[in-house]
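# give me a model of this one.
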Amino acid sequence: MTNKNAMDAPFIQEMMDITQIMWRNGWDERNGGNISYRLDKDEVAKYLDLNDVKRSIELEFPVKELANEYFIVTGSGKFFKNIQKNPEDTLAVVKVAEDGMSIDLLWGLVNGGRPTSELASHFMSHIERLKIDENHRVIMHCHTTNVIAMTFVHDPSPKAFTKTLWKMCTECIVVFPEGVSLLPWMVPGSNAIGEATAKEMKDHRLVIWPHHGIFGTGESLDDAFSLIETAEKAAEVYMLVASHHSGEIKQTITDEELQELADAFGVVPNPNYL
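Next up is the predicted model:
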């Protein structure tokens, strides 16, 4: 048994802080957006009784690969703007069951409800990212305004979209040298879109759902947030420039200069994009 207050847990405080910033950025209106953050068991045990299961929630998809893993996730239908003032209603700390067919609720969702409706996309993407990076912890989804706007007016091919983002801000090719992926439009919340997102997560840390939003990954909340933030800034610059020049951009970072940047910072750009 722990004698610490759950509200003092760093992972709960971090979620309260980052979701407030995302809401203030205009990325998470109403109940738009969701986050899942894989936690260290020993850290959770400092603040919660791991044997005190509030209730079990069945999953519609098996995630045996995540058996006995702990996560803090946002709740379905919960507003990001309310998380900071009422985290026990809007967040959930859960453990994936041994058989991967359910999750045990250890804390949160005190007024009922379920974890995010995008949990399929999150868990499937966690599985793929952990194959690539054992330090991976975060899947973050939000409705970044300018990235969404860009999907209405830009060539939807991942290569073209990536190169435009790279060319808008010097640091972009350094921050996400693998580029971004774009899915075709799909109904959110389904296993199908979860599977499609996870497939793209094998090679990308940023996956865009056209006319909807973006998924970013990282080893921490800051890592995932700053990755999305960088792409959103580039999309904002593009939308500003395109609106002032009727879509014609007169100067940009060239392909040769992109390669010089990559060489200077020791990153390898996606060879399919550059």
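# what mean pLDDT does the longest helix seen in the chain get?
For the chain, the helix that runs over the most residues, judged by DSSP state H, is helix 221-244. Averaging pLDDT along helix 221-244 gives 94.
# next one: stretch 39-54
96.
# element containing the residue lying closest to R137 once chain neighbours are set aside, please.
The spatial neighbour of R137 that comes closest, neighbours along the chain excluded (Cβ to Cβ, 6 or more residues apart in numbering), is R38 at 4.5 Å. In short, each C-beta sits where N, CA and C put it, glycine included. Assigned by DSSP states H and E, R38 belongs to strand 34-39.
# what strands line up against that strand, and which way round?
If you go by DSSP bridges, strand 34-39 pairs up with strand 70-74 (antiparallel), strand 138-142 (antiparallel).
# list the buried residues in the last one.
Using 16 or more other Cβ atoms under 10 Å as the burial criterion, the residues of strand 138-142 that qualify are 138-142.
# and these, which two are furthest apart?
Pairwise distances across the buried residues of strand 138-142 peak at 12.2 Å for V138 and C142 (criterion: Cβ to Cβ).
# now stretch 133-153: average pLDDT?
Here the average pLDDT along stretch 133-153 is 97.
# quick one: name whatever helix or strand follows the strand holding R38.
By DSSP H and E, the next helix or strand past strand 34-39 is helix 41-45.
# give me the distance from the next helix or strand after that following helix to the chain's centre.
On the C-terminal side of helix 41-45, the nearest following helix or strand under DSSP H and E is strand 55-58. Strand 55-58 sits 24 Å away from the centroid of its parent chain (Cα atoms, centre = their mean, to the nearest Å).
# show me what strand 55-58 is packed up against.
The helices and strands touching strand 55-58, judged by 3 or more Cβ pairs under 8 Å, 6 or more residues apart in numbering; DSSP states H and E, are strand 102-108.
# and this protein, what are its domain boundaries?
Using automatic domain parsing, the domains assigned to the chain come out as 1-117, 118-274.
# and the first one, how far out from the chain's middle?
The one in question is domain 1-117. So, by Cα atoms, centre = their mean, the centroid of domain 1-117 is 15 Å from its chain's centroid.
# now G33. Nearest residue, chain neighbours left out?
Closest residue in space to G33, ignoring its immediate chain neighbours: C142 at 4.1 Å, by Cβ to Cβ, 6+ apart.
# pretty sure R114 is touching K78, no?
No - at 10.1 Å, R114 does not count as touching K78 under the criterion of Cβ atoms under 8 Å.
# pLDDT weak spots in the protein?
Within the chain, the ranges that satisfy pLDDT under 70 run 1-3, 245-248.
# circling back to that earlier point, now the strands paired with strand 34-39 as a markdown table including distance to E118?
Shown next, in a markdown table, are these (distance: least, Cβ to Cβ, whole Å):
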| stretch | distance to E118 |
| --- | --- |
| strand 70-74 | 9 |
| strand 138-142 | 6 |
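# of those, which is nearest L261?
strand 138-142 (25.5 Å).
# buried ones in whatever helix or strand comes next after that closest one?
Downstream of strand 138-142, the first helix or strand assigned by DSSP H and E is helix 145-153. Of all the residues in helix 145-153, those buried under the rule 16+ other Cβ under 10 Å are 145-151.
# of the strands paired with strand 34-39, which is nearest F265?
strand 138-142 (23.1 Å).
# convert the C-alpha atoms of the closest one to CSV, please.
The C-alpha atoms that make up strand 138-142 are tabulated as CSV, following Å, rounded to 0.1, in the frame of the first residue of the first chain:
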residue,chain,number,x,y,z
VAL,A,138,3.6,8.5,-25.7
ILE,A,139,0.9,8.6,-28.4
MET,A,140,-0.7,12.1,-28.7
HIS,A,141,-3.6,13.0,-31.0
CYS,A,142,-4.9,16.5,-31.5
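# so that strand versus helix 221-244, what angle?
Going by axes from the mean of the first three to the mean of the last three Cα atoms, to 10 degrees, strand 138-142 is angled at 30 degrees with respect to helix 221-244.
# give the bridge partners for the residue nearest to R137, please.
F71.
# separation between it and I103?
Distance, R38 to I103, using Cβ to Cβ, to the nearest Å: 13 Å.
# ditto for I57
In terms of Cβ to Cβ, I57 sits 5 Å off from I103.
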